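Here is my input, please return the structure:
(one chain, ligands or ions: 2)
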Amino acid sequence: MAPNGDHQKSTKPPPSPSPLRNSKFFQSNMRILVTGGAGFIGSHLVDRLMENEKNEVIVADNYFTGSKDNLRKWIGHPRFELIRHDVTEPLLIEVDQIYHLACPASPIFYKYNPVKTIKTNVIGTLNMLGLAKRVGARILLTSTSEVYGDPLVHPQTEDYWGNVNPIGVRSCYDEGKRVAETLMFDYHRQHGIEIRIARIFNTYGPRMNIDDGRVVSNFIAQALRGEPLTVQAPGTQTRSFCYVSDMVDGLIRLMEGDDTGPINIGNPGEFTMMELAETVKELIDPKVELKIVENTPDDPRQRKPDITKAKGVLGWEPKITLRQGLPLMEEDFRLRLGVPKK
Ligand SMILES: NC(=O)c1ccc[n+]([C@@H]2O[C@H](COP(=O)([O-])OP(=O)(O)OC[C@H]3O[C@@H](n4cnc5c(N)ncnc54)[C@H](O)[C@@H]3O)[C@@H](O)[C@H]2O)c1
Ligand SMILES: O=c1ccn([C@@H]2O[C@H](COP(=O)(O)OP(=O)(O)O[C@H]3OC[C@@H](O)[C@H](O)[C@H]3O)[C@@H](O)[C@H]2O)c(=O)[nH]1
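Ligands and ions are numbered 1, 2, ... in the order given. This next block holds a predicted model:
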């Protein structure tokens with residue numbers, strides 16, 4: 001069944017935005033809330049949104065995995081505001097658009113406090129939808145390729161319903177995001193809220209936490225520290241890695257376009273973890289060793305987005321290949337770890 005079939009469309013008109021938006025005498029800026037804006041993708045998104053002088057950007061973040069440091073160039077800027085706020089609590093502000101990213105993304109962080117992760121996904125998304133409803137804002141959710149679980153369809157298209165363990169250690173995140181998607185569509189059908197859903201595939205780039213625990217940041221940090229690259233068994237599992245500037249471009253196009261989604265946003269280049277380790281080794285330090293270590297439960301065996309829909313509906317496709325993106329991230333990690341290039 002097509003996720004964008006007629007039964008998915010709202011019959012309700014969207015709630016009216018602020019009267020100032022259509023005022024003849026006062027041209028207000030577009031006020032945009034980015035939840036999770038102090039994190040990795042969020043802070044790059046804020047950089048892009050702030051480039052447009054008609055945008056005012058408000059970030060709400062609880063700093064669990066994000067940091068003020070990621071936003072330091074905007075703190076004090078007249079079009080920028082930073083609020084310490086946990087999205088599991090309601091937020092009463094006036095905005096036109098909401099990019100709802102708040103949620104830990106790295107498996108080691110989302111599994112650290114699974115009850116909090118599911119509250120963030122469910123109560124957090126409900127609160128942001130409540131805000132969207134009250135002020136007539138358009139809302140974009142950053143969902144995930146993890147909604148496909150350990151996929152039995154390859155590559156993954158948006159109409160695949162997934163193969164997810166509902167009681168596993170990853171469920172707080174993948175089932176949490178599935179409920180968040182459900183809430184988005186229920187608010188759209190029942191209340192006419194303008195929604196956008198992006199299904200993001202593994203994204204990497206500068207500013208990722210050095211000890212984030214995800215595979216690209218782990219391998220780069222390990223190679224720079226001269227430590228063995230920890231390939232989790234069996235090493236034949238695959239992922240598709242998207243550079244962060246491509247991701248931000250896709251998210252903005254989705255928000256500005258007419259399609260609710262869900263739309264896969266990711267780079268279809270597919271690599272085994274062994275291939276990724278070999279590439280990092282070749283680019284950074286050919287002397288570094290690879291070490292096979294134990295894997296974690298329910299690790300998906302393969303993942304690759306079908307991006308036909310993103311190409312057709314958003315006119316989007318990624319531009320940066322893995323071999324182009326890894327050196328950009330290496331440069332940032334060298335600076336932060338204090339390891340100059342020889
Ligand atoms: N990076 C990826 O590969 C990837 C893949 C799929 C989906 N996503 C989604 O994209 C979004 C951003 O991911 P990221 O890689 O930038 O992760 P990140 O961990 O760097 O950023 C998440 C941000 O949300 C904040 N946050 C977490 N819980 C919060 C709460 N309860 N209230 C307020 N703020 C909270 C964190 O402090 C952090 O700043 C997440 O929703 C994630 O699920 C990311
Ligand atoms: O040091 C490591 C870390 C991870 N891995 C492997 O690398 C693969 C990718 O693992 P990551 O931790 O980077 O993350 P995953 O791809 O499983 O999930 C990721 O993509 C979907 C997003 O929603 C999640 O937020 C994101 O973390 C897994 O197969 C894992 O076993 C290693 O081989 N070594």
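
so where does the closest residue in space to D332 that isn't next to it in sequence fall, helix or strand?
Counting by CB to CB, 6 or more residues apart in numbering, the nearest residue to D332 once its immediate chain neighbours are dropped is P206, at 3.5 Å. (Each C-beta comes from the backbone N, C-alpha and C, glycine too.) Using DSSP states H and E, P206 sits in no helix or strand.

P206 touches R334, doesn't it?
No: with contact defined as CB atoms under 8 Å, P206 does not count as touching R334 (10.7 Å).

quick one, phi psi at the closest residue to T230 other than its chain neighbours?
The shortest distance from T230 to any non-neighbouring residue, by CB to CB, 6+ apart, is to V293 (4.7 Å). According to degrees, to the nearest 10, the main-chain angles of V293 amount to phi -120, psi 170.

Likewise for the one 3 residues further on?
In terms of degrees, to the nearest 10, the main-chain angles of T296 are phi -100, psi 160.

neighbours of it, just the number please.
11 (other CB atoms under 10 Å).

contacting residues for it?
Applying CB atoms under 8 Å, 6 or more residues apart in numbering to T296 gives the contacts 107, 169, 232.

burial count for N127?
Around N127 there are 20 residues (other CB under 10 Å).

The one 4 residues further on now?
Taking other CB under 10 Å as the neighbour definition, L131 ends up with a count of 23.

bridging residues for G149?
N163 (DSSP bridges).

Now V46: closest residue in space that isn't a chain neighbour?
Closest to V46 by CB to CB, 6+ apart is G37, at 5.0 Å.

which residues touch that neighbour?
43, 45-46, 57, 59-61, 66, 71, 82, 99, 101.

and it, helix, strand or coil?
Look at G37: counting by DSSP: H, G, I helix; E, B strand; the rest coil, its state is coil.

What's the separation between V179 and D246?
28 Å (CB to CB, to the nearest Å).

correction: Y112
Counting by CB to CB, the gap from Y112 to D246 is 29 Å.

Tell me which of those two has more neighbours.
Neighbours were counted for Y112 and for D246 using other CB under 10 Å; D246 has more, 20 against 14.

Next, the contact list for that one, please.
Contacts of D246 (CB under 8 Å, 6+ apart): 267, 318-320.

cool, V313 as well?
257, 259, 263.

Those in strands, which ones?
Using DSSP state E, the subset of the contacts of V313 located in strands is I263.

Of the contacts of V313, keep whichever come out buried.
Buried residues within these, defined by neighbour count using 16 or more other CB atoms under 10 Å: 259, 263.

Could you export the contacts of V313 as JSON lines, including distance to I118 and pLDDT?
Formatted as JSON lines, the contacts of V313 follow (distance: CB to CB, whole Å; pLDDT from 0 to 100):
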{"residue": "G257", "distance to I118": "30", "pLDDT": "96"}
{"residue": "D259", "distance to I118": "28", "pLDDT": "97"}
{"residue": "I263", "distance to I118": "24", "pLDDT": "98"}
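
and which of the contacts of V313 is nearest to W161?
Comparing those against W161 with CB to CB places I263 closest, at 15.9 Å.

Sticking with the residue sitting nearest the centre point of the chain, tell me its helix or strand.
With distances taken as CA atoms, centre = their mean, T142 lies nearest the centre of the chain, 5.0 Å away. Using DSSP H and E, the element containing T142 is strand 138-144.
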